[in-house]
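**Q** Got a predicted structure plus its sequence, pasted below:
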Amino acid sequence: MLTSAANRQAVTVNVTGRSGTATFTAAPGETLLEAALRQGADVPYSCGSGSCGLCKARVISGRVETLWPEAPAYGKKHRADDALLCQCAAEAPGNHGTLELTLGGASGAISPPGTRPGRFDARVLRIDPIGDDLIEVELGLDRPIRYAAGQFGLFYFPGIVGGRAFSFAAPSPDTGSDRVLLVVKRKLGGPATEFLFARNAPGSRLEMFGPLGHAIFDPGCGRDLICVAGGSGLSFGLSVMGGATLAGHFSTHRGILVVGLRRPSDLASLARLGAMAETAGPGLRIIIALSDEGTVPPEGWTVPGVEVMQGFAHDVMHTAMAGHHANLMAYVAGPPPMIQAVQRVLLLEAKLPAGNILCDTFY
Ligand SMILES: Cc1cc2nc3c(=O)[nH]c(=O)nc-3n(C[C@H](O)[C@H](O)[C@H](O)COP(=O)(O)OP(=O)(O)OC[C@H]3O[C@@H](n4cnc5c(N)ncnc54)[C@H](O)[C@@H]3O)c2cc1C
Ligand code: FES
């Protein structure tokens, strides 16, 4: 028998993995992923939004409510006991008073309270167009947030079901900030991005859960960096390489940032890259890869420290690396086909170990 969300109570949840059990309490209607992470429990995830499949658990005892049965990560062979932690809420405990699931990557580790993500109230403060179908969005939060360079938030829009992932497009100050910046690409017919592109979006109230994500810059990594950012992946590139710039990483290490854009009209988005080039100095090389055949930047277009090359981001990256493959850490963000093309070059040609390649796929 189904229980309506209004009549439900919080449920204790155990997710048992190969190296221990993550235990947490889930409030009615709350996704199991949010419940776990806000309490510091260790469960695997990547996209937080129903596409990657990393959070797919199996229900052993008790019942879950499937919030989005069509989530792509369920795939064609959707078993009745499959539960994406990011797309399920607790419905009822099992025989022993707990909801029991299994998921290999879960463990009993607990993260310290100051590092856990949480829900924020957010207000859209400013929206500026920065290219074809690309906007910069500034949001004010109800309290300061601290995040690592490369992380993202899940945003909840009024009247739109489910969270939408957007990367923070600037590194967070050490003291935290009650402002976050996004770079958003319009998805035709997509309710959340259309919401942000509407004229009346400034002033709107949203909710955000964050910070999330493991593809983050580690200031102690001691490696040269390569970062490839396709389209709206620009946000991730600005955050990761901006964080490395602020940490002074390019005074002792080299870095290459390749931003894949389609046409010169998108070049309007690059003022922030120019500023980064100026601060980082000669250790960081910034290249715009223009993929639409035959396109050239407008005459006189130039941003000091930013080069423009013709071609797909993965080819431009390969050329720019010029055989320099040792001691590298790679960061990649953008649409799935671009991520796959870049991974192929990094793994097969540059022979980078898989652990040195961190990706955020923008599904
Ligand atoms: C880690 C990550 C970081 C990203 N960063 C950026 C970024 O910085 N800039 C950018 O432009 N894009 C980014 N994206 C892509 C962005 O999330 C999508 O373009 C956005 O969700 C589109 O929303 P939409 O409503 O306009 O379109 P839709 O096509 O309606 O949205 C698709 C997404 O909405 C969610 N969704 C749809 N229906 C439901 C439902 N019923 N229940 C629950 N969820 C649902 C799912 O997440 C799905 O992937 C990122 C994606 C990921 C995974
Ligand atoms: S984290 Fe749940 S499907 Fe990606």
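**A** Nice, thanks for sending it over. Worth saying up front: this structure is predicted, and the values here are computed from it rather than measured. Ligands and ions are numbered 1, 2, ... in the order given.
**Q** CA only for contacts and neighbour counts going forward, please
**A** Will do.
**Q** ok, so what distance separates the residue of the stretch 101-250 of the chain found nearest ligand 2 from Glu34?
**A** In the stretch 101-250 of the chain, the residue found nearest to ligand 2 is Gly213; the distance is 9.7 Å by C-alpha to the nearest ligand atom. As defined by C-alpha to C-alpha, to the nearest Å, Gly213 lies at a distance of 13 Å from Glu34.
**Q** Those two - which one has more neighbours?
**A** More crowded of Gly213 and Glu34, by other C-alpha atoms under 10 Å: Glu34, with 24 against 20.
**Q** touching ligand 2 at all, whichever strand or helix holds that one?
**A** According to DSSP states H and E, Glu34 maps onto helix 32-38. No: under the criterion of C-alpha under 6 Å from any ligand atom, ligand 2 is not reached by helix 32-38; the shortest gap measures 7.7 Å.
**Q** How about residues contacting that helix?
**A** With C-alpha atoms under 8 Å, 6 or more residues apart in numbering as the test, helix 32-38 has contacts from 22-27, 42-43, 48, 55, 85-90, 116-118, 209.
**Q** Let me see the confidence value for the residue of the stretch 101-250 of the chain closest to ligand 2.
**A** Predicted confidence (pLDDT) for Gly213: 97.
**Q** That one and ligand 1: what is the separation?
**A** Plainly put, Gly213 is 7 Å away from ligand 1 if you go by C-alpha to the nearest ligand atom, to the nearest Å.
**Q** Name all residues that make contact with that residue.
**A** Residues counted as contacts of Gly213 (C-alpha under 8 Å, 6+ apart) are Ser46, Cys47, Gly150, Gln151, Phe152.
**Q** For the longest strand seen in the chain, buried residues please.
**A** Counting residues, the longest strand in the chain under DSSP state E turns out to be strand 118-131. By neighbour count on 16 or more other C-alpha atoms under 10 Å, the buried set for strand 118-131 is Gly118, Arg119, Phe120, Asp121, Ala122, Arg123, Val124, Leu125, Ile127, Ile130, Gly131.
**Q** Direction included, what does that strand pair up with?
**A** Note on strand 118-131: by DSSP bridges, its sheet partners are strand 134-145 (antiparallel), strand 205-212 (antiparallel).
**Q** What residue spans form the domains of the protein?
**A** Here the domain parsing of the chain from automatic domain parsing is 9-110, 114-212, 224-361.
**Q** Of the contacts of helix 32-38, which are in range of ligand 2?
**A** The subset of the contacts of helix 32-38 within reach of ligand 2, by C-alpha under 6 Å from any ligand atom, is Gly48, Cys55, Leu85, Cys86.
**Q** Settle this for me: the last one is touching Val43, isn't it.
**A** No: Cys86 is not in contact with Val43 according to C-alpha atoms under 8 Å; the separation is 10.5 Å.
**Q** what's the overlap in contacts for those two?
**A** Listed as contacting both Cys86 and Val43 by C-alpha under 8 Å, 6+ apart are Leu33, Cys55.
**Q** residue ranges with poor pLDDT in this structure?
**A** 1-6, 265-269 (pLDDT under 70).
**Q** Quick one: the helices in it, in order.
**A** For the chain, the helices defined by DSSP state H cover 32-38, 191-197, 234-246, 271-280, 313-321, 336-344.
**Q** most tightly surrounded among those?
**A** helix 234-246 (a mean of 26; mean count of other C-alpha atoms under 10 Å).
**Q** is ligand 1 contacted by that one?
**A** Yes: for helix 234-246, a contact with ligand 1 is found by C-alpha under 6 Å from any ligand atom, at Ser235.
**Q** between that helix and helix 271-280, how many degrees?
**A** Per axes from the mean of the first three to the mean of the last three C-alpha atoms, to 10 degrees, the angle that helix 234-246 makes with helix 271-280 is 20 degrees.
**Q** Could you list the residues in contact with helix 234-246?
**A** Residues outside helix 234-246 that contact it (C-alpha under 8 Å, 6+ apart): 149-151, 167-172, 182-183, 216-217, 219, 227-229, 250, 257, 259, 272-273, 276, 279-280, 331, 333.
**Q** Quick one, which of those residues are buried?
**A** Buried members of the contacts of helix 234-246, counted by 16+ other C-alpha under 10 Å: 149-151, 167-172, 182-183, 216-217, 227-229, 250, 257, 259, 273, 276, 280, 331, 333.
**Q** Those residues in strands, which ones?
**A** Applying DSSP E to the buried ones among the contacts of helix 234-246, the entries found in strands are Ser167, Leu182, Val183, Cys227, Val228, Ala229, Leu257, Val259, Tyr331, Ala333.
**Q** quick one: contacts for the last one?
**A** Residues in contact with Ala333 (C-alpha under 8 Å, 6+ apart) are Val228, Ala229, Gly230, Gly233, Phe236, Gly237, Ile339, Cys359, Asp360, Thr361, Phe362.
**Q** What count of nearby residues applies to the third one?
**A** In other words, Gly230. Around Gly230 sit 27 other residues, with neighbours defined as other C-alpha under 10 Å.
**Q** Ala109 and Val43 touch, don't they?
**A** No: the criterion here is C-alpha under 8 Å, and Ala109 misses it with Val43 at 9.2 Å.
**Q** for stretch 52-64, which positions count as buried?
**A** For stretch 52-64, by 16+ other C-alpha under 10 Å, it's Cys52, Gly53, Leu54, Cys55, Lys56, Ala57, Arg58, Val59, Ser61, Gly62, Arg63, Val64.
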